[in-house]
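[1] the sequence and its predicted three-dimensional model are supplied below.
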Amino acid sequence: FSDHQDAVAWSPRGLFFTSGTQEGLPFDRVMGELSRKLQLRQAGDHSIAAWDSVNRNSPIPGNKGQSFFIRDLLSDLIFKESGLAGSNRRWEYRNQLFHWIGYGVLAGALLIASSLWGISYYQNQQYLQQVAARVPLIREQSQQVIHQPADNIFDLLPFLNNLVKLPLSARFSLDNPPLTMRAGLYRGNQISDAAWVLYQNALKSLLLPRVAQQITNILRNDPGDDNAYSRNALRAYQMLYQPRNYDGEFLRAWLLQNLQRSLPDTVSARDLQQLDWHLSQLLDQQIQSSPYARDNALMMRKLAENLKIADQAGGMLAVAPRHPAPQSNSHSE
């Protein structure tokens with residue numbers, strides 16, 4: 001009679017006739033009627049005929065109740081099959097033990113996760129405070145380099161180096177942070193991405209104008225006595241205005257080579273290495289163009305000088321003097 005469709009199916013165990021009345025008024029008088037019809041012999045006060053004398057006014061006393069067929073039903077069936085309707089204490093203990101073990105595992109996992117989150121939060125806070133402590137110095141340096149002239153490219157090195165070091169930590173690597181800083185709370189990637197965007201903006205807004213200014217000054221101050229040097233200077237200048245001829249690696253190597261010709265005493269080999277790395281990030285990764293307008297007069301003048309030098313070199317080769325043939329001396333006999 002279950003309302004659920006997925007209820008456990010049941011089947012009848014058998015049909016058993018019993019009399020469950022032990023006291024009070026009997027609800028079944030069939031046995032007395034059968035005894036009278038069959039003229040069975042009744043035994044004294046305990047005869048079935050005594051049921052006929054039971055009514056509402058004289059019910060069966062509590063200590064005189066009668067029942068039939070209940071013994072066999074209880075002893076042969078119900079008691080033997082008590083395990084079907086009862087419970088297994090051993091199974092209950094084991095099931096309860098498994099429940100408590102599960103609760104303990106969940107509580108332990110929650111405790112470990114909470115501890116890991118707490119440690120990760122604390123260490124990430126320390127990392128963010130460390131990064132925030134570097135910001136005032138970078139802000140101060142940015143104000144200084146903005147107002148500095150663009151003729152000295154080495155003045156940018158402290159500012160650019162600090163931008164690169166901004167998201168770094170002495171305790172861990174940004175690419176492989178410790179487990180105690182993760183747990184969904186690690187912010188090193190966001191800080192690194194933001195610092196990299198700031199660094200790229202500094203390269204384009206501060207370093208690129210100085211690179212263009214250096215190349216322009218080198219081309220303008222070229223005396224023209226070295227044809228190969230003059231051609232490379234003009235080529236480097238044109239690369240900043242002609243993207244199809246751009247070669248970042250050549251531009252970087254040529255610029256460093258010319259900077260080494262007149263290095264200040266305060267510039268070390270380490271400074272050159274750092275400048276080389278910053279220039280590679282600026283020039284090698286993508287095509288760059290000069291933020292200044294092209295000086296067509298300068299470019300045409302240097303181009304004419306290069307062509308003149310090339311013509312003179314070719315003319316010298318064309319009019320090279322011939323050596324006279326040696327004359328043989330005749331000896332008379």
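    Alright, I've got the coordinates.
[2] let me see the domain layout of this protein.
    Taking automatic domain parsing as the criterion, the chain consists of the domains 30-85, 87-315.
[3] now the ones you listed as JSON lines including mean neighbour count and mean pLDDT?
    C-beta coordinates here come from the backbone N, C-alpha and C atoms, glycine included. As requested, the domains of the chain are arranged in JSON lines below (neighbours: other Cβ atoms under 10 Å; pLDDT from 0 to 100):
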{"stretch": "domain 30-85", "mean neighbour count": "11", "mean pLDDT": "62"}
{"stretch": "domain 87-315", "mean neighbour count": "14", "mean pLDDT": "89"}
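[4] out of those domains, which is closest to R13?
    Counting by Cβ to Cβ, R13 lies closest to domain 30-85 out of the domains of the chain; the figure is 7.7 Å.
[5] about what we covered before: in JSON lines: the domains of the chain, plus distance to F16.
    Converted to JSON lines, the domains of the chain look like this (distance: least, Cβ to Cβ, whole Å):
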{"stretch": "domain 30-85", "distance to F16": "5"}
{"stretch": "domain 87-315", "distance to F16": "24"}
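[6] okay, strands next: where are they in the stretch 1-150 of the chain?
    Using DSSP state E, counting those that start in this stretch, no strands are found in the stretch 1-150 of the chain.
[7] what are the ranges of the helices in it?
    Using DSSP state H, counting those that start in this stretch, the helices of the stretch 1-150 of the chain run over 30-38, 70-73, 82-85, 89-146.
[8] SS state for F250?
    Here F250 is helix, with the state taken from DSSP: H, G, I helix; E, B strand; the rest coil.
[9] OK, contacts around it?
    F250 makes contact with R235, A236, M239, according to Cβ atoms under 8 Å, 6 or more residues apart in numbering.
[10] what helix or strand is the second one located in?
    Which is A236. A236 is part of helix 227-239, with elements assigned from DSSP states H and E.
[11] packing partners of that helix?
    Using 3 or more Cβ pairs under 8 Å, 6 or more residues apart in numbering; DSSP states H and E, the elements in contact with helix 227-239 are helix 208-220, helix 248-259, helix 296-318.
[12] can you give the contact residues for it?
    215-216, 218-219, 222, 224, 245-247, 250-251, 254-255, 299, 302-303, 305-306, 309-310, 313.
[13] got the angle between that helix and helix 248-259?
    130 degrees (axes from the mean of the first three to the mean of the last three Cα atoms, to 10 degrees).
[14] now do helix 227-239: distance to the chain's middle.
    Helix 227-239 sits 47 Å away from the centroid of its parent chain (Cα atoms, centre = their mean, to the nearest Å).
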